[in-house]
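Colleague: this one's structure only:
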């Protein structure tokens with residue numbers, strides 16, 4: 001609604017998620033976020049909101065928290081939007097899902113020809129760089145899956161403490177506040193093209209209807225690569241998929 005969009009534009013109370021929050025009230029994500037996060041963890045929620053307000057008051061594009069160095073390791077996670085998957089040739093794992101046969105079969109360890117769709121795939125590139133840091137890898141799809149796969153485990157189990165995430169510009173602010181509430185410190189790398197700019201297109205992508213392929217700017221792609229390169233351990237890892245997340249082993 002235009003009223004809530006204006007509240008975001010003016011950053012009322014240093015908050016820029018008015019429109020998203022109002023539109024999400026009657027969705028499964030909104031319901032579960034309210035019952036499983038806000039009601040179950042009210043003090044943590046308030047603390048996260050206050051941190052968000054402070055950050056937003058300083059700069060609307062500031063990251064949730066910028067670690068002095070991205071550490072890699074078992075409590076870190078890198079999230080890449082499914083919309084980075086290639087359109088032509090089509091992904092052999094299909095598109096609007098958490099799957100990647102390249103990593104599920106650990107083809108990086110095998111002496112065989114890389115499938116055509118994987119050769120220039122950004123998911124493959126980010127995933128391989130992530131693997132060298134010992135971090136976990138997550139192909140992000142719907143908001144409700146992200147909530148249950150990553151945010152709640154981080155909040156309740158401290159499973160993930162730091163992360164790097166590619167992100168459409170519409171969901172940048174909602175994702176930022178959700179990370180702060182869940183306790184994940186990290187950096188967000190917004191897409192430059194092909195991404196969602198309003199709730200209608202975001203909602204369609206959230207249910208798997210996304211015909212465009214998203215792209216990172218050269219600057220953001222280089223920054224993401226630099227963060228991962230600095231965290232490389234020199235060890236050899238493999239991915240083991242548990243639920244929707246690829247865990248480095």
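Modeller: Structure's in. What do you need? Worth saying up front: this structure is predicted, and the values here are computed from it rather than measured.

Colleague: let me see the contact set for residue 99.
Modeller: Shown in contact with residue 99 (C-beta atoms under 8 Å, 6 or more residues apart in numbering): 93, 139. The way it works is simple: take the backbone N, C-alpha and C, and place the C-beta from them, glycine included.

Colleague: so the closest residue to residue 243 other than its chain neighbours, which state does it fall into?
Modeller: Leaving aside its chain neighbours, residue 243 sits nearest to residue 149 (6.4 Å; criterion: C-beta to C-beta, 6 or more residues apart in numbering). Three-state call for residue 149 (DSSP: H, G, I helix; E, B strand; the rest coil): helix.

Colleague: look at residue 149 and say how many residues are nearby.
Modeller: Residue 149 has 22 neighbouring residues, counting by other C-beta atoms under 10 Å.

Colleague: then residue 69?
Modeller: With other C-beta under 10 Å as criterion, residue 69 counts 9.

Colleague: how about it, what does it touch?
Modeller: 230, 231.

Colleague: repeat for residue 85
Modeller: Residue 85 neighbours (C-beta under 8 Å, 6+ apart): 91, 93, 95, 121, 122, 123, 139, 213.

Colleague: nearest to residue 3 among these?
Modeller: residue 213 (33.3 Å; C-beta to C-beta).

Colleague: wait, residue 89 sits on residue 116?
Modeller: Yes - Residue 89 lies in contact with residue 116 (C-beta atoms under 8 Å); the separation is 5.0 Å.

Colleague: for this protein, which helix is longest?
Modeller: Criterion DSSP state H: the longest helix present in the chain is helix 42-58.

Colleague: which residues are contacting the helix or strand of the chain with the lowest mean pLDDT?
Modeller: Sorting the helices and strands of the chain by mean pLDDT, DSSP states H and E puts helix 2-9 at the bottom, at a mean of 76. With contact meaning C-beta under 8 Å, 6+ apart, helix 2-9 is reached by 15, 16, 17, 18, 19, 21, 22, 23, 173.

Colleague: what about 10 Å?
Modeller: Under the criterion C-beta atoms under 10 Å, 6 or more residues apart in numbering, residues 1, 12-13, 15-23, 60, 173, 198-199 lie in contact with helix 2-9.

Colleague: and of these, the nearest to residue 143?
Modeller: residue 20 (9.5 Å).

Colleague: my guess is that closest one contacts residue 176, does it?
Modeller: No - using C-beta atoms under 10 Å, residue 20 makes no contact with residue 176, being 11.1 Å away.

Colleague: comparing the two, which residue is more hemmed in?
Modeller: Comparing residue 20 with residue 176 by other C-beta under 10 Å, the one with more neighbours is residue 176, at 25 against 20.

Colleague: so how far is residue 165 from the more buried one?
Modeller: With distances taken as C-beta to C-beta, to the nearest Å, residue 176 is found 10 Å from residue 165.
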